[in-house]
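1. below is the sequence, then the predicted model.
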Amino acid sequence: MKPLSKNLKLILLAAILFLPVNETFAQVRAVKVEKTVVVKRPPAGCRVVKVKKTRYHTHKGVYYVKVRNGYKIVPTPVGVTLRVLPRGCKKLVVGRRVYFVKNNVYYRYNNRSRAYVVVTRPV
């Protein structure tokens, strides 16, 4: 077996010495990776809704937008109105405002339209 070169020994020694220090001070950050899903066509029975000049196809709470090679599944767009909240929504009070949340989608009740509106996440 050949003896290790001096440079390789120094590199290995540095790696052994500094590895525990780097792990101790490393920041851990969770990153949510969302997978892009494209289907050839939306399910039968979809409704078409228009929000801020964008047309969405929706079926059973899933939203699709037309792309070059089919329909991409997208998050529920801000501005969508619903007469009834999805099952399983939780009530959330932030300050004096009441929100409802399910699957990281936030809703507020609009008295004027008598409907729930999808809003951005409260701060």
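-> Nice, I can see it. Numbers count the residues shown, from 1 in each chain.
2. show me where this structure has its helices.
-> Secondary structure of the chain by DSSP state H: the helices cover 6-25.
3. report pLDDT for R87.
-> For R87, the pLDDT comes out at 90.
4. now it: how far from P43?
-> 19 Å (CB to CB, to the nearest Å). All C-beta spots, glycine's among them, are computed from the backbone N, C-alpha and C.
5. between the two, which one's more packed in?
-> For the pair R87 and P43, the greater number of neighbours falls to P43 (13 against 7), based on other CB atoms under 10 Å.
6. how many residues are close by the residue nearest to L92 when sequence neighbours are not counted?
-> Spatially, and ignoring its direct neighbours in sequence, L92 is nearest to Y99 (4.4 Å; CB to CB, 6 or more residues apart in numbering). By other CB under 10 Å, 18 other residues sit near Y99.
7. check contacts around Y99.
-> K91, L92, V93, Y106, Y107, R108, V119, P122 (CB atoms under 8 Å, 6 or more residues apart in numbering).
8. buried ones among those residues?
-> Among the contacts of Y99, those scoring as buried are Y106, Y107, V119 (criterion: 16 or more other CB atoms under 10 Å).
9. distance of R108 from K66?
-> To K66, R108 is 28 Å away according to CB to CB.
10. now T81
-> Using CB to CB, one gets 21 Å for the distance from T81 to K66.
11. same question, T58
-> Here the criterion is CB to CB. By it, T58 lies 13 Å from K66.
12. which one's more surrounded, the two?
-> Between T58 and K66, T58 has the larger neighbour count (other CB under 10 Å), namely 17 against 12.
13. strands along the chain, start to end?
-> 38-39, 47-51, 54-59, 62-67, 70-74, 81-82, 90-94, 97-102, 105-110, 115-119 (DSSP state E).
14. flag every buried residue along the last one.
-> Neighbour counts over strand 115-119 (16+ other CB under 10 Å) mark Y116, V118, V119 as buried.
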